[in-house]
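[1] Structure here, sequence nowhere to be found:
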């Protein structure tokens, strides 16, 4: 008995010593910290990149990383931001909301990042944004979800590099009902991003005189899809599909196998085939179907010099694949958002005279004051209009037709087609 | 879709799932039955099967059928050898202690998963099926006073999916015959019945254990190879496989091959049919509820023998 208690004290003494040692170590580094603070102007600006390196968003993460690195290189080659170099601090969020919030905290408290950026999957954004707001860390998302403009998030969360689902589907609905048909069956992933599609597209198509006759929600982790397809009503004129995750190829393949030779018109969001080769076996039936693209994967005949420059900088060939490996297909329709967002951060920091974390509020206000963003090397996807009140950007949308196995742009929706009334005014929230 | 064709489609889809499940779960059941080891890394051997199948087919190239059948032979062998190594290096040193082997196989799960992530990457990669023709299926209806055959919209199955069902039946039959009639099957059954007495009779129990562990892994890897042309190889695919295998094995009775097959059919078909007519979530709820009921009212499983 006495031996036991002796052991206990000795252990606790040792751990107490350990704690003391740690405290001492921390104290010793304190003067060092203040020394860096005084020399802050030459320190790099640190942008925390919340990367989907693993989990269901991994192929997006890989390309978001390449795009961001290319944009950072371009910014640094041009002299950095306010004369300071820019550095990307990358953390894997595992495409997981809980981990996402932890990563945000790490950026703010451990890595001393100036801002955080780069999240795509909407459930990770929704999981991370509240923490960013509490830490007053400007958080720039590239997610397409309507949660920014809907007022669900906070003043520190912005989406200046990619349009949201609500404006995308609103711009698609007239084309779908005029060109393809009025009776639509929707197939979408059963989480926030898919629900945005469900709610806003069914409203938008109703305005065009069409209707959604069946909505088929598929759990995002599903791996086998044929069992969902018999729910498609026989009188469907148009299939509207959007799918995410590692099983997208299975989804599109099984859709084709289900219909065989007698398919209805098909309109899909390219999300269903991002990072997937259109020439994959089993996808031949997609010939003649339509896709929404945020940015056309295949270089178009009227390619702009901005797109050419963007492709060259990121390392993407004219088929949307890596220049090093033609089998490594990019997430071209989405990844421009990283590039454009980083340039918005640069422009915002310059107009706010950003010097350090104490200027984070000024940075938010400077970006809220932005409106027009011209078509340029900084904005290769097209000219954009930023709404400072809703923290959401608006821009052109592309509809492409699969022609000879390639996506050829058939219709471009203008910014005006994508606008909708404000649902929130974030500028009224305190900083 | 009309009710009849709809039901037929649901049944066929369910049968494919049941076939794959039966292969996966029989591996788990075999390992538990003979060795009394709950192999938590079982799902990762399934994932390894799919990933190595991708690797073999993309290395060999050539016609898809040739590459695929090469993968069908090479992959289970490779995974089996890896499992034998894991048995000799880890499980044997823990004396097959039930609790400690669970912890050890959890560790194995993470090691395999992370090594795959580090080498193969986080992408889902496809394997081209050896053949994949769409077979439109006929249905009969009563029209004009007589039975008429017609081809309903959407009612079809891919020939490859039929092959998966057939392959699973053949392999399971082979395992059954091996356990029943071969010498190694006899040794396995002896080790299962009473390992100490078996040892006393001169049966090299440890070697039998290594073979059983390798065979269990090879079976689930084979399921991985069969599924990869339908789905894609992804480093996280082992999680669901493990869960479903456990569900099947618990319902069927740990260690009973026949029970495993019946339970796989039950879970596979009900998942196909319930998720087609109601929702996939309901199918999962019912499967899990069934597990709970079996555990409460018949802990040894539907076909398991009571511990004496």
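    Structure's in. What do you need? These numbers come from a predicted model, not from an experiment.
[2] Residue of chain A closest to chain B, please.
    Nearest to chain B in chain A, going by C-beta to the nearest C-beta, is residue A:58, at a distance of 3.1 Å. The C-beta positions use only the backbone N, C-alpha and C, and glycine is treated the same way.
[3] Skipping its backbone neighbours, what lies nearest that residue in space?
    residue B:122 (3.1 Å; C-beta to C-beta, 6 or more residues apart in numbering or on different chains).
[4] wait, is the residue of chain A closest to chain B part of a strand?
    No - read with DSSP: H, G, I helix; E, B strand; the rest coil, residue A:58 is helix and lies in no strand.
[5] Can you give me the distance of residue B:300 to residue B:245?
    For residue B:300, the distance to residue B:245 (C-beta to C-beta, to the nearest Å) stands at 18 Å.
[6] Those two: which is more packed in?
    Each of residue B:300 and residue B:245 has its neighbours counted (other C-beta atoms under 10 Å in any protein chain shown); residue B:245 has more, 28 against 17.
[7] which ones are touching residue B:203?
    Counting by C-beta atoms under 8 Å, 6 or more residues apart in numbering or on different chains, residue B:203 makes contact with B:187, B:190-191.
[8] tell me the SS of it?
    With three-state DSSP as the basis, residue B:203 sits in coil.
[9] shaky segments in the stretch 1-150 of chain B?
    Regions of the stretch 1-150 of chain B meeting the criterion pLDDT under 70 cover residues B:1.
[10] Residue of the stretch 51-200 of chain B closest to chain A, please.
    For the stretch 51-200 of chain B, C-beta to the nearest C-beta, closest residue to chain A: residue B:122, 3.1 Å.
[11] Get me the contact residues on the stretch 51-200 of chain A for chain B.
    Those residues of the stretch 51-200 of chain A that sit near chain B, judged by C-beta under 8 Å from any C-beta of the partner chain, are A:53-56, A:58-59, A:61-62.
[12] Let's see if you can find the most crowded of these.
    In terms of neighbour count, residue A:61 stands highest of these at 27 neighbours, by other C-beta under 10 Å.
[13] now what about the helix or strand encompassing it, what contacts it?
    Assigned by DSSP states H and E, residue A:61 belongs to helix A:58-77. Applying C-beta under 8 Å, 6+ apart, the external contacts of helix A:58-77 come out as A:47, A:49, A:51-54, A:81, A:85-88, A:90, A:92, A:95, A:117-118, A:120-121, A:142, A:246, A:274-275, A:313-315, A:330-332, A:334-336, A:338-339, A:342-343, A:346, A:377, B:121-123.
[14] list the buried ones in that helix?
    Buried residues in helix A:58-77, counted by 16 or more other C-beta atoms under 10 Å in any protein chain shown: A:58-72, A:74-75.
[15] circling back: will you turn the residues of the stretch 51-200 of chain A next to chain B into a markdown table that also has pLDDT and distance to residue B:108?
    Converted to a markdown table, those look like this (pLDDT from 0 to 100; distance: C-beta to C-beta, whole Å):
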| residue | pLDDT | distance to residue B:108 |
| --- | --- | --- |
| A:53 | 91 | 23 |
| A:54 | 88 | 19 |
| A:55 | 85 | 21 |
| A:56 | 84 | 24 |
| A:58 | 88 | 23 |
| A:59 | 88 | 27 |
| A:61 | 94 | 27 |
| A:62 | 93 | 27 |
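[16] Out of the residues you listed, flag the one nearest to residue B:21.
    Proximity of these to residue B:21 (C-beta to C-beta) peaks at residue A:56, which lies at 22.9 Å.
[17] what's near enough to touch that closest one?
    Each residue near residue A:56 by C-beta under 8 Å, 6+ apart is listed here: A:95, A:121, A:220-221, A:244-246, B:236.
[18] Of these, which is the most crowded?
    In terms of neighbours by other C-beta under 10 Å, these top out with residue A:121 at 29 neighbours.
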